[in-house]
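S.K.: Have a look; sequence and predicted model below, questions after that.
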Protein chains: 2
Amino acid sequence: MSELSETHDTPFSSTTDLDMRHVGALRQAIRSEDKATIRALLTGEHPADLADRFEQLSTDDQTALLGLAPDVISPSMLAELEDEVVEDILPLLEPGQISKAMEELDSDDAIQIFEELPAERRAEVLADMAAQDRKEIEDSFAFDEETAGRLMQREFVAAPEFWSVGQTIEHMRSQSKLDGDSLPDKFFDIYVIDAHFHPRGYLPLSTLMRSDPDQVLSDIMDTNLTVIEPELDQEDVAYLFEKYDLISAPVVDADGRLSGMITVDDIVEIIQDEHTEDMLALAGVNEAGLVDTVGSTVLARAPWLFVNLLTAIAASFVISLFQDEIEKLVALAVLMPIVASMGGNTGTQALTVAIRALATRDLTPANTNRVIRREAFAAIVNGLIFAVVLGVITFVWFHKLDLALVIAAALVFNLFCAGLAGILVPLGLKKVGADPAVASTVFVTTVTDVVGFLAFLGLAALFLL
Amino acid sequence: MSELSETHDTPFSSTTDLDMRHVGALRQAIRSEDKATIRALLTGEHPADLADRFEQLSTDDQTALLGLAPDVISPSMLAELEDEVVEDILPLLEPGQISKAMEELDSDDAIQIFEELPAERRAEVLADMAAQDRKEIEDSFAFDEETAGRLMQREFVAAPEFWSVGQTIEHMRSQSKLDGDSLPDKFFDIYVIDAHFHPRGYLPLSTLMRSDPDQVLSDIMDTNLTVIEPELDQEDVAYLFEKYDLISAPVVDADGRLSGMITVDDIVEIIQDEHTEDMLALAGVNEAGLVDTVGSTVLARAPWLFVNLLTAIAASFVISLFQDEIEKLVALAVLMPIVASMGGNTGTQALTVAIRALATRDLTPANTNRVIRREAFAAIVNGLIFAVVLGVITFVWFHKLDLALVIAAALVFNLFCAGLAGILVPLGLKKVGADPAVASTVFVTTVTDVVGFLAFLGLAALFLL
């Protein structure tokens, strides 16, 4: 074990926790302006580890570090930093350093850095770049954000159908000896194209490896090819990768000509980003990520808190309609939050299952009706179960049978509405083209609060007083 | 466009929506017991598409289909079905069909099917398998669920350090001509091993492709190798893949000898599964996935509804302590849910950001204190903002300055507690080794309900009455 902990940053490590001593040492080096130690701590290891170490610093420490040694941010480390961090540190780097980094990286990584530049600095950085690299960035940037066109890299390997395995391997070997090596840093599939540059099939490198040199590509290629259009949303791209277990996929232009490649490592990142987006949207947080300052945290959360305030006031307005009843029977005030809370919980459960099923495409037009019916029935069954429990508790607590019956009836009705709202609200948002995760929670809990108070206090007004 | 819609199931398609007509046709074929159509609709295309089509059927239709034509479930389709669906249909298949499927698949896919078998049928299925395949399953099954050992496949490509590129390629070519081809179906990296079978580095196939045949592996291999131990939790494995942009990684045994391989396509699935788990846990749903029947839906949700009922009663108990005050000033009953609801929302926001940051390892011992301080400050700032808003609204509504001041003070206090609970509860659960997503929500909303009611009604009792 002691040996293991000493070799934590050697290649042979499966540790998944960051080494905190390094972060502490880095912080100290920044404060004592010890450039040599800073440089030692931010070079030589895997850029992903260096990026992690940098990200653990507070914004102030990051700024101080870049003032002391801006060049420790290597191109590969820049590519590993999270978007929000890149956005923060780009203003602290020289335009020349940024353009050089973008030239060195594959075009898909370069465009991600370019996206984080403030609009007014983009021309300046582009002007510093080599013509070919600049053109690639400009072409990618012409596609909308979060589309396959933005995501793809311009480097890929294509071979004509009539080539042999041996010819193809020879081609790659000679390519890699050229000066401006046009091969991607890493690739996993070779796309087989026809005379019009249209992809006709693909060959995983492992198939190429085990085939005889004189075999012809068109004889051994896999024609079950998933071709991506550049306008496709990145979430849909991720779905295709996941569904068909893809490692890479070709992107074609409007004429169906091969124009780029997307690889699975970018997809893994997108899946994580989309997850974060969904979870934060459900919780009513506006911006993604662990933002660093109090100000940005407040800004990320206040808008939905404001919406929540409005819906809470709507629920209070419902209660205010029954002030006389509450004055006469104060047990109503004691018990009413239970009905609302159980409804909120039921609604959130149904909502989350629906959002998740929409994201994984398990909820489709083919089974929507069945799922709606199931949610409604399940809510009624749970409503009946908990109506009995809550009814008994109420009777034991307040010794009023009619009050127990009223709260039981209100609970069944509210859980039924909660279950229905939990499935219908996200489906409705999706139907009108909105993101079902955003705003769903607020709609559903408004329903469950208003219905909960209205049903309980309304039934009480009718039958108890 | 008309051409596109006609060719939706050709290889050249980037559609991400299932074709519902096929599901409808399949349903009809089942009901009219038309085996030929069933067979036509569940063969010939990508197994992932066929699996999707099958999954869209209700459980009853699935059962009926398997009664009519159990053999349409091919091994590759079985591997593409979701775990819950596999669990449901395995009892409807012959042991022989299951063992044959497991023999055909790579060992990582085979073990996934084996896991879904009821314990009493496992011996029977194993007995039907070839000795070598059976041993692989037994070895994998010896590792805990959701570990690298379960996840890995036993097929991989290794080469000694002193081999040349040409030798290595020749080895793969001759291997693939052998009868019991030991190469994996797909592979992306070659692991370079020393005399003790310890991995020393790796070569992406793309590097092998562009290297001269006479280069020696140890000269060109990448020694920055991430080695996985078989006991590592699958969530940690996924983290390593994501962090280092891995496509495959070697798994070693207790002596450090290469014993298996994990590939990125399995990781993508795990990331999705872990995410579903987190979201459902936060919402208080017990089982993953879109379960099909009302009964299983009720079972998945009732337990946390029961916990929620207990906490709601605890909050009601707090209210019951102030029945006299509410009777004297019924506005308290009208307004109290607002204080609790705003606290609940603030707590959920902080909680979700914390859970997500823990999952992506952005929240670490190095920045925990800073994040806690930030959450507390942000909650106070939002508390002050919304205290002013709610105070003004209360004054306008009820024309009572002291009531407005009391609700404002209670709101600030509850939001402060909510922000702290939102970060401390998941951190605390993690510290004691529990999954921070499970139960967090219930703890946090209990805090915000109890504190909300207690602060508002308590301050009212002290200063208003």
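M.R.: Structure received. In this text, all values refer to a predicted model and were calculated from it rather than measured experimentally.

S.K.: Could you give the number of residues near A:His196?
M.R.: 10 (other Cβ atoms under 10 Å in any protein chain shown). From N, CA and C alone the C-beta is placed, and that goes for glycine too.

S.K.: can you map out the helices along the stretch 51-200 of chain A?
M.R.: Counting by DSSP state H, counting those that start in this stretch, one finds helices in the stretch 51-200 of chain A at the ranges A:59-68, A:75-80, A:83-89, A:95-104, A:107-115, A:119-127, A:131-141, A:148-151, A:165-177.

S.K.: Need the winner for burial among those helices.
M.R.: For those, average neighbour numbers computed from mean count of other Cβ atoms under 10 Å in any protein chain shown are highest in helix A:148-151, which has a mean of 24.

S.K.: Which among the helices of the stretch 51-200 of chain A is found nearest to B:Asp128?
M.R.: helix A:165-177 (38.2 Å; Cβ to Cβ).

S.K.: I'd like the helices of the stretch 51-200 of chain A as JSON lines, with mean pLDDT appended.
M.R.: Formatted as JSON lines, those follow (pLDDT from 0 to 100):
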{"stretch": "helix A:59-68", "mean pLDDT": "91"}
{"stretch": "helix A:75-80", "mean pLDDT": "92"}
{"stretch": "helix A:83-89", "mean pLDDT": "88"}
{"stretch": "helix A:95-104", "mean pLDDT": "90"}
{"stretch": "helix A:107-115", "mean pLDDT": "90"}
{"stretch": "helix A:119-127", "mean pLDDT": "90"}
{"stretch": "helix A:131-141", "mean pLDDT": "90"}
{"stretch": "helix A:148-151", "mean pLDDT": "94"}
{"stretch": "helix A:165-177", "mean pLDDT": "91"}
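
S.K.: Between those, which one is closest to B:Glu82.
M.R.: Here helix A:148-151 is closest among the helices of the stretch 51-200 of chain A (Cβ to Cβ), at 26.1 Å.

S.K.: Nearest to chain B, out of the helices of the stretch 51-200 of chain A?
M.R.: The closest of the helices of the stretch 51-200 of chain A to chain B is helix A:165-177. By Cβ to the nearest Cβ, the value is 3.6 Å.

S.K.: okay, that closest one in PDB with CA atoms only?
M.R.: C-alpha atoms of helix A:165-177 as PDB (Å, rounded to 0.1, in the frame of the first residue of the first chain):
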ATOM      1  CA  VAL A 165      -6.100  -3.600 -47.400                       C
ATOM      2  CA  GLY A 166      -2.400  -3.400 -48.200                       C
ATOM      3  CA  GLN A 167      -2.800  -0.200 -50.200                       C
ATOM      4  CA  THR A 168      -4.800   1.400 -47.500                       C
ATOM      5  CA  ILE A 169      -2.200   0.700 -44.800                       C
ATOM      6  CA  GLU A 170       0.600   1.900 -47.100                       C
ATOM      7  CA  HIS A 171      -1.400   5.100 -47.700                       C
ATOM      8  CA  MET A 172      -1.600   5.800 -44.000                       C
ATOM      9  CA  ARG A 173       2.100   5.100 -43.500                       C
ATOM     10  CA  SER A 174       3.100   7.500 -46.200                       C
ATOM     11  CA  GLN A 175       0.600  10.100 -45.100                       C
ATOM     12  CA  SER A 176       2.100  10.100 -41.600                       C
ATOM     13  CA  LYS A 177       5.500  10.900 -43.000                       C
END
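
S.K.: Quickly check: that helix near chain B or not.
M.R.: Yes. With Cβ under 8 Å from any Cβ of the partner chain as the criterion, chain B is reached by helix A:165-177 at A:Ile169, A:Met172, A:Arg173, A:Gln175, A:Ser176.
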